[in-house]
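K.L.:
predicted model and sequence follow; I will ask about them next.
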Amino acid sequence: MINVGVLGATGAVGQRFVELLADHPWFHLQTLTASERSAGKPYEKVVNWRLETPFPDEIGDCIVSPTTVEAVADLDIVFSALPADIARSLEAEMADAGLIVCSNASSHRMDPTVPLLIAEINPDHTGLIDVQHDRGRDGCIVTNPNCSTIMLSCSLAPLLPHGIRDVKVATLQAISGAGFDGIPGMAICDNVIPYIGSEEEKMSEEPRKILGTFNGSEIEPITFPISASCNRVPVIDGHMLSVWVEAECGVEEAKKAFENWAAPFSGLPTQPDKTLHIFSQPDRPQTRLDRNLGDGMTVSIGRIREGIRYTAMGHNTIRGAAGSSVLNAELLKKKGYI
């Protein structure tokens with residue numbers, strides 16, 4: 001069994017990690033870390049469990065550790081739900097100490113030696129782990145992208161062979177993306193907020209790396225421009241994207257590209273039967289109805305029209321965060337890095 005831990009286990013993404021790892025067939029959830037005020041206490045006493053799934057009682061009496069290198073030194077993998085400012089130095093220290101760090105934080109996503117990984121989309125980018133090892137790091141850092149970037153990149157992957165020239169995207173992003181205490185109720189009820197700090201920059205930059213080509217030593221990024229406009233809406237879970245793509249194909253070719261695309265591998269525990277689900281109904285996907293497809297790991301695409309225009313949607317804290325990170329770790333095991 002592979003021993004793993006969760007850094008920042010009491011927050012929104014941390015709780016998703018715990019949910020996904022509590023009964024994982026490959027990974028043994030051994031250590032949970034949180035702030036100093038929670039350290040030394042049972043997890044069930046310090047976490048305010050807010051997920052729709054039942055609290056995993058088998059984890060309840062796990063004593064929370066401080067978030068330090070020493071607290072996780074005996075683990076194989078740590079899954080990081082840390083804030084970016086804390087993650088930047090701490091994740092590097094843990095990787096240097098020999099740990100595999102699968103991170104949801106943004107701190108190292110654009111580091112040229114760190115894979116920005118969506119397991120089914122760019123699995124060859126795990127080659128950057130060897131670059132980290134060649135530069136003297138005993139462990140490694142592997143990151144998953146921003147939540148909306150994951151939905152966008154999954155939807156663009158089938159269109160890459162059709163000569164994408166330009167991408168524009170407008171997002172309608174759920175409030176859980178800001179964390180449990182991120183947006184006051186009076187601010188979001190009966191409201192749409194047309195700004196999410198640094199989100200548009202992430203969506204413009206991260207897909208270039210994800211969809212780029214690994215040449216054996218570095219990522220050669222894609223060159224077409226991506227313009228994003230991001231909005232927060234009063235939905236609990238599920239990010240929806242309206243996407244406009246200029247490409248060297250018509251709408252029928254685009255539909256076939258979406259329908260015929262398949263993941264390059266299968267059989268990982270967190271992997272859905274279908275990474276992409278294509279809707280033909282004119283009013284789908286919808287966040288409430290479709291965010292939990294594939295146990296929250298499927299990205300839905302619908303309203304494919306001339307332009308090329310379409311709607312994409314996915315569960316932001318599962319596929320867009322913890323689930324993608326766990327799937328990345330499963331891919332590392334499959335490829336022999338663990």
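P.N.:
Looks like it arrived, so ask away.

K.L.:
please, where are all the helices along this protein?
P.N.:
With DSSP state H as the criterion, the chain has helices at 12-21, 43-46, 57-60, 84-96, 127-134, 147-156, 185-188, 199-210, 251-260, 287-290, 323-334.

K.L.:
those helices: which one's closest to residue 165?
P.N.:
Minimum separation from residue 165 across those (CB to CB) falls at helix 147-156, 12.1 Å. For the C-beta atoms, the positions are set from N, CA and C on the backbone; glycine is no exception.

K.L.:
send me that closest one as CSV with only the CA atoms.
P.N.:
Taking Å, rounded to 0.1, in the frame of the first residue of the first chain, the C-alpha atoms of helix 147-156 are listed here in CSV:
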residue,chain,number,x,y,z
CYS,A,147,-10.4,24.5,-12.0
SER,A,148,-11.8,26.4,-15.1
THR,A,149,-8.6,25.8,-17.0
ILE,A,150,-9.1,22.0,-16.6
MET,A,151,-12.6,22.2,-18.2
LEU,A,152,-11.4,24.4,-21.0
SER,A,153,-8.3,22.3,-21.8
CYS,A,154,-10.2,19.0,-21.7
SER,A,155,-12.7,20.6,-24.3
LEU,A,156,-9.9,22.0,-26.5
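
K.L.:
to residue 268, which of the helices of the chain lies closest?
P.N.:
Per CB to CB, nearest to residue 268 of the helices of the chain: helix 323-334, 4.2 Å.

K.L.:
number of residues surrounding the closest residue to residue 318 other than its chain neighbours?
P.N.:
Spatial nearest neighbour of residue 318, excluding adjacent residues (CB to CB, 6 or more residues apart in numbering): residue 296 at 3.2 Å. Residues near residue 296, counting by other CB atoms under 10 Å, number 23.

K.L.:
I figured residue 296 was touching residue 321, is that so?
P.N.:
No: contact criterion CB atoms under 8 Å: residue 296 and residue 321 do not qualify, at 10.1 Å.

K.L.:
now do the contacts for the residue nearest to residue 318.
P.N.:
Listed by CB atoms under 8 Å, 6 or more residues apart in numbering, the contact set of residue 296 reads 314-315, 317-319, 323.

K.L.:
measure residue 88 to residue 139 for me?
P.N.:
16 Å (CB to CB, to the nearest Å).

K.L.:
equivalent analysis for residue 211, please.
P.N.:
Between residue 211 and residue 139 the computed distance is 26 Å (CB to CB).

K.L.:
now do residue 189
P.N.:
Taking CB to CB, one finds residue 189 at 44 Å from residue 139.

K.L.:
list the buried residues for stretch 72-85?
P.N.:
Neighbour-count burial for stretch 72-85, counted by 16 or more other CB atoms under 10 Å, picks out 72, 75-82.

K.L.:
typo on my end, it should be stretch 14-34
P.N.:
14-22, 24, 26-27, 29-34.

K.L.:
can you give me the domain assignment for this structure?
P.N.:
By the record's domain assignment, the chain is partitioned as 2-146+321-334, 147-315 (automatic domain parsing).

K.L.:
quick revisit: and residue 189 and residue 139? which has more neighbours close in?
P.N.:
The neighbour comparison of residue 189 against residue 139 (other CB under 10 Å) goes to residue 139, with 21 against 10.

K.L.:
let me see the contact set for the more buried one.
P.N.:
94-101.
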